[in-house]
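S.K.: structure here, sequence nowhere to be found:
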């Protein structure tokens, strides 16, 4: 991953860099089944530095630099693609993730899994810690086939996992530019604790191998994929590269609004997504014609309709649960959305069952 190796194009820690200076054809090839690269950037000032620690079953590699000019060259590397899947985990700080011609902000706790066809690069904008997990096609196939020798029935669900499904589909088709975006659920305030625990387990198993380490590494990868695919912990967006550059942010806003029944304050959205409320308001207006508040209200009313249909809760209890303090206002909003009062809506739905 370090800039000196990229310029030389030589093999370092089983990564062979082809056309390292090309802005359209830089290509990374990996000969090992899995590789971990941990990077730390202390900042962009004159006294700052960055470290790179890279480990694989083949070889370990460490690189550090306090040379600011050297770092800025590193930060300005050209876009590249590779022969393997790469999962980027932001453990601390924030980075700009450039995917083809689009740029996205990735704050701590977010992750991104790119397929082999996506040209991408990560740009540091301040202090940050990242873990890059390179996963070969052969390694993923082994995990997908592991259910054949599994001891437990629950282990036969690899193909039900969204992360595995994404990679398996890409292995089968080998076409298209797409990636998975992982956004921590609003209620998952311990997301970094879990990510760091799994990252530490992977790095430790790779750096200090022992009898059974291969199984430990595969097990931790499966645990990581299961964690990222658990709805109460993470929201997943599958993004195709031909989509608008604003679509990912709109998708993230929608995920958080749905999770909180539209009652997520603007300040909480700003904190979670690291964008200003005014900017997010403009994005929502672009796609829906509504402002941020009214867009959130559509999720609140959707939840109200669901509670009226699927529960026996009183209308008063539903109002309280969803944060309405004025019954008249709730009735007016609900009737504007569904054409009937909450009581009439419940009767209609019960009559249809």
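M.R.: Thanks, I have the structure now. These numbers come from a predicted model, not from an experiment.

S.K.: any idea how far residue 135 is from residue 119?
M.R.: Distance of residue 135 to residue 119, computed by CB to CB, to the nearest Å: 18 Å. Glycine gets a C-beta too; all of them are placed from N, C-alpha and C.

S.K.: please disregard the earlier target; I meant residue 345.
M.R.: Residue 345 is 49 Å from residue 119, by CB to CB.

S.K.: cool, and residue 83?
M.R.: 14 Å.

S.K.: what about the two, which has more around it?
M.R.: Using other CB atoms under 10 Å as the criterion, residue 83 and residue 119 rank with residue 119 on top: 21 against 15.

S.K.: so the more buried one versus residue 100, what's the distance?
M.R.: Distance from residue 119 to residue 100, by CB to CB: 5 Å.

S.K.: give me the common contacts of these two.
M.R.: residue 79 (CB atoms under 8 Å, 6 or more residues apart in numbering).

S.K.: please report how far the nearest residue to residue 85 once chain neighbours are set aside lies from residue 32.
M.R.: Sequence neighbours aside, residue 135 is the residue nearest to residue 85 in space, at 4.5 Å (criterion: CB to CB, 6 or more residues apart in numbering). Counting by CB to CB, the gap from residue 135 to residue 32 is 10 Å.

S.K.: repeat for residue 213
M.R.: From residue 213 to residue 32 the distance is 14 Å (CB to CB).

S.K.: these two - which one has more neighbours?
M.R.: Applying other CB under 10 Å to residue 213 and residue 32 shows that residue 32 carries more neighbours, namely 18 against 15.

S.K.: next, give phi and psi for residue 184.
M.R.: As for residue 184, its main-chain torsions (degrees, to the nearest 10) stand at phi -60, psi 140.

S.K.: how about residues contacting the strand or helix carrying residue 305?
M.R.: Using DSSP states H and E, the element containing residue 305 is helix 292-310. Residues from elsewhere that reach helix 292-310 (CB under 8 Å, 6+ apart): 253, 257-258, 260-264, 266, 269, 277, 280-281, 284, 288, 290, 313, 315, 318, 321-323, 330, 333-334, 337-338, 342, 345-346, 349.

S.K.: what's the answer for stretch 89-108, then?
M.R.: 41, 79, 88, 109-112, 114, 118-133, 177, 179, 181, 192, 195-196, 199, 239, 241, 245, 248-249, 272-275.

S.K.: mind running it again at 6 Å?
M.R.: 110-112, 118-131, 195-196, 241, 245, 248, 274 (CB atoms under 6 Å, 6 or more residues apart in numbering).

S.K.: what do you get for stretch 179-194?
M.R.: Applying CB under 6 Å, 6+ apart, the external contacts of stretch 179-194 come out as 109-114, 118, 166, 228, 232-239, 248, 252, 255-256, 259-260.

S.K.: among these, which are in helices?
M.R.: Taking DSSP state H as the definition of helices, those contribute 166, 228, 248, 252, 255, 256, 259.

S.K.: please indicate which of those residues are buried?
M.R.: For those, a neighbour count by 16 or more other CB atoms under 10 Å gives the buried set as 166, 228, 248, 252, 255, 256, 259.

S.K.: please, where are all the helices along this protein?
M.R.: 3-8, 68-75, 137-145, 162-173, 191-207, 213-228, 247-259, 266-273, 277-288, 292-310, 315-321, 327-338, 342-352.

S.K.: so which of those is nearest residue 28?
M.R.: helix 3-8 (9.2 Å; CB to CB).

S.K.: that older thread, of the contacts of helix 292-310, buried ones?
M.R.: Members of the contacts of helix 292-310 classed as buried by 16+ other CB under 10 Å are 253, 257-258, 260-264, 269, 280-281, 284, 315, 318, 322, 330, 333-334, 337-338, 342, 345-346.

S.K.: out of everything not next to it in sequence, what's closest to the residue sitting nearest the centre point of the chain?
M.R.: Central residue of the chain (CA atoms, centre = their mean): residue 182, 1.9 Å from the mean position. For residue 182, ignoring the flanking residues on the chain, the nearest one in space by CB to CB, 6+ apart is residue 111 at 3.9 Å.

S.K.: look up how far residue 323 lies from that neighbour.
M.R.: 31 Å.

S.K.: pLDDT weak spots in the stretch 151-300 of the chain?
M.R.: 242-245 (pLDDT under 70).

S.K.: hmm, try it at 80
M.R.: Filtered on pLDDT under 80, the stretch 151-300 of the chain yields the residue ranges 154-159, 174-175, 241-245.

S.K.: so residue 26 touches residue 77, yeah?
M.R.: No: between residue 26 and residue 77 there is no contact, the gap being 8.0 Å when judged by CB atoms under 6 Å.

S.K.: ok, these two, which is more surrounded?
M.R.: residue 26 (21 against 18).

S.K.: what's opposite that one in the beta bridge?
M.R.: Listed by DSSP bridges, the beta-bridge partners for residue 26 are residue 80.

S.K.: any idea of the pLDDT on it?
M.R.: For residue 26, the pLDDT comes out at 76.

S.K.: which parts of the stretch 51-200 of the chain are strands?
M.R.: Ranges of strands within the stretch 51-200 of the chain are 60-65, 80-82, 85-99, 102-107, 111-114, 120-135, 178-184, based on DSSP state E, counting those that start in this stretch.
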